[in-house]
Every structure is written in C-alpha cells, then in structure tokens.
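Colleague: Okay, sequence plus prediction incoming.
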Amino acid sequence: MTPNEIAKVQSYLRRTFESDSISIQAPAKAGAPIEVYSGEEFVGVLHRDEEDGEVSYDLHISILAEDLE
C-alpha cells in the first residue's frame, strides 16, 4: 500500500469508529503486514486486495479469549 492509501484508510477508520486514536503503521520491510493500532494497542492487520480492477481493503481483527475477561 502507498502512504496515500494508508492515510485515506486511516482517516476512514477514524471517522467510522469516531476515534482519533486509530493509527496505521506502514511496515518497515516490504511485504510485511500493515498493522493497525488503537492508541498503543495492536488491534489487527490491514490487507489491500485488487480484483477485476476493483480495490478493497480488508481489516482483520483478532480477539484473544483471555482479553475478554
């Protein structure tokens, strides 16, 4: 993902979840996952998908059972 795409997705997520604490960090190495944070808490990874000329962004959030308690 380009820095411009990352900025647009970050802005969208902040508006959607009404939280300026959401941040997307570009990976240090090419091909590494793009990480999404709420404050300092890691919440998931972001993937870019392009199929038939259409682009979408998928946010995968994993919640550990131990975090629910």
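Modeller: Noted; the coordinates are in hand.

Colleague: going forward, measure contacts between C-alpha atoms and count neighbours the same way
Modeller: Noted.

Colleague: So in that sheet, which strands flank the lowest-mean-pLDDT helix or strand in the chain, and in what orientation?
Modeller: Here the helix or strand of the chain ranked lowest by mean pLDDT, DSSP states H and E is strand 41-51, holding a mean of 93. Neighbouring strands of strand 41-51 in its sheet, by DSSP bridges, are strand 34-38 (antiparallel), strand 54-61 (antiparallel).

Colleague: thinking in terms of the whole chain, how far from its middle is the longest one?
Modeller: I take that to be strand 54-61. 8 Å (C-alpha atoms, centre = their mean, to the nearest Å).

Colleague: what's next to that strand, contact-wise?
Modeller: Contacts to strand 54-61, defined as C-alpha atoms under 8 Å, 6 or more residues apart in numbering, come from residues 9, 43-50.

Colleague: out of the strands paired with strand 41-51, deepest packed?
Modeller: strand 34-38 (a mean of 18; mean count of other C-alpha atoms under 10 Å).

Colleague: in the least confident helix or strand of the chain, what counts as buried?
Modeller: Buried positions in strand 41-51, judged by neighbour count with 16 or more other C-alpha atoms under 10 Å: 43-46.

Colleague: Need phi/psi at the closest residue to S38 other than its chain neighbours.
Modeller: Counting by C-alpha to C-alpha, 6 or more residues apart in numbering, S38 lies nearest to I22, which is 4.4 Å off, once chain neighbours are set aside. The phi/psi pair for I22 (degrees, to the nearest 10) reads phi -80, psi 130.
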